[in-house]
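# Just need the structure, nothing else, for what follows:
(chains A, B and C)
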Amino acid sequence: MLDKLLPTTFFARPAEIVAPELLGCRLMRRMDGEIYQGLIVETEAYDATDPACHGYRRKTERNAAIFGAPATVYVYLIYGRYHCVNIVTDRQDFCSAVLIRALECDRLPADLPNPKDKPHRAAAGPGKLCQLLKIDRQLNGVSLNPANNLWIEGRSPEFNEAIVQTTRIGLTQGVDLPWRWYLRDRPSVSKVKDKVIQKLSKGY
DNA sequence: TGTATGATTAAT
DNA sequence: TTAATCATACAA
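Residues are numbered from 1 along each chain as shown, chains lettered A, B, ... in the order given. Purely as a prediction, here's the structure:
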C-alpha cells in the first residue's frame, strides 16, 4: 500500500491550511464488511472567527464535536434530510473543521441511493456523499481511524492537480470568505464557481 | 413551550 | 425556483 493513514498532526493545523491539502486524499469507509473509498475533490473550511461556523456563537450539545481534538469526526443533520461530515482541525477546545463536500468514487455500492445519477456524480455534494457512504450521526464525535470504519489516507506521491479556490456554497453568513477548494479537472465537484486558481506542489 | 431556520437535494 | 422535512437554537 502506497497510501497511508493521515496522522493526527496533519489535522492539528488551521482549517484553511488543512482543507486544500485534503484534496487528493482518500476518504475510506468500511460498511457491511467492505471497504469503499472516494477521492476528496472538494472541501470547505470553518472556524471560530467565522460567523458561518456552527461553533461561532457557543458550544452546544449539537456542535460539541467541533470543539474536540483534531481528527475528530463532526456529523450533523441539515434541512432535516441530509447529513454532512466534517473533520475537526487545529486544537482541542477551538472550533474549526473541514467540510468534505464531494468525492470521486471508483467503486460504488450495489444499492445506490440515487440510481439515476451518473456514477461520477454519486458523491458530488456533502449530503450525497454521506448518503452513499452511510455516514450519519452515529459517527459524530468518533476519531478518524480504521477501527471506527472511517479514515483518510494521504495523497499518492504522484499527486499534482490544479486547485481552484472560491467562496463557499449555500451560506447566509461569511459569504465572502474564500474558504472553498476543489480539484479543477474533476467531474465530481458539486458546483463549479471559479475565483482563483493555484497549483499545489506534490505531497504536503 | 413555540417558532424560525439551515454548510442540501431532486424535481419542476 | 421550490418543496421536502426535522433537530436545534433561541426567544419568550
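
# For the rest of this, base every contact and every neighbour count on C-alpha atoms.
Noted.

# In chain A, which residue sits nearest DNA strand C?
Per CA to the nearest atom of the strand, residue A:80 is where chain A lies closest to DNA strand C, at 3.3 Å.

# Do you know the pLDDT at that residue?
pLDDT, residue A:80: 97.

# Got the phi and psi for it?
With angles defined as degrees, to the nearest 10, residue A:80 shows backbone torsions of phi 70, psi 10.

# What number of residues are in the vicinity of it?
The number of residues packed near residue A:80 is 7, by other CA atoms under 10 Å.

# Please list all residues in contact with it.
Taking CA atoms under 8 Å, 6 or more residues apart in numbering, we find residue A:80 in contact with no residue.

# do the same with residue A:122
By CA under 8 Å, 6+ apart, the residues touching residue A:122 are A:105, A:114, A:128-129, A:132.

# Give me the nearest residue to residue A:93, chain neighbours excluded.
Leaving aside its sequence neighbours, residue A:93 sits nearest to residue A:67 (CA to CA, 6 or more residues apart in numbering; 4.6 Å).

# and if you look at residue A:44?
Closest residue in space to residue A:44, ignoring its immediate chain neighbours: residue A:180 at 4.3 Å, by CA to CA, 6+ apart.

# can you pull the buried residues of stretch A:157-171?
The neighbour-count check on stretch A:157-171 (16 or more other CA atoms under 10 Å) flags A:159, A:161, A:163-168 as buried.

# which one of the residues you listed sits closest to residue A:59?
residue A:168 (22.7 Å; CA to CA).

# From residue A:6, how far off is the closest one?
Distance of residue A:168 to residue A:6, computed by CA to CA, to the nearest Å: 25 Å.

# Pull out the buried residues from the contacts of residue A:122.
Using 16+ other CA under 10 Å, the buried ones in the contacts of residue A:122 are A:105, A:128-129, A:132.

# so the spatially closest residue to residue A:5 that is not a sequence neighbour bridges to which residues?
Nearest residue to residue A:5 in three dimensions, chain neighbours excluded: residue A:153, at 4.3 Å (CA to CA, 6+ apart). Taking DSSP bridges as the rule, residue A:153 bridges to residue A:5, residue A:26.

# these two touch, right, residue A:153 and residue A:22?
No: assessed by CA atoms under 8 Å, residue A:153 is found out of contact with residue A:22, at 9.4 Å.
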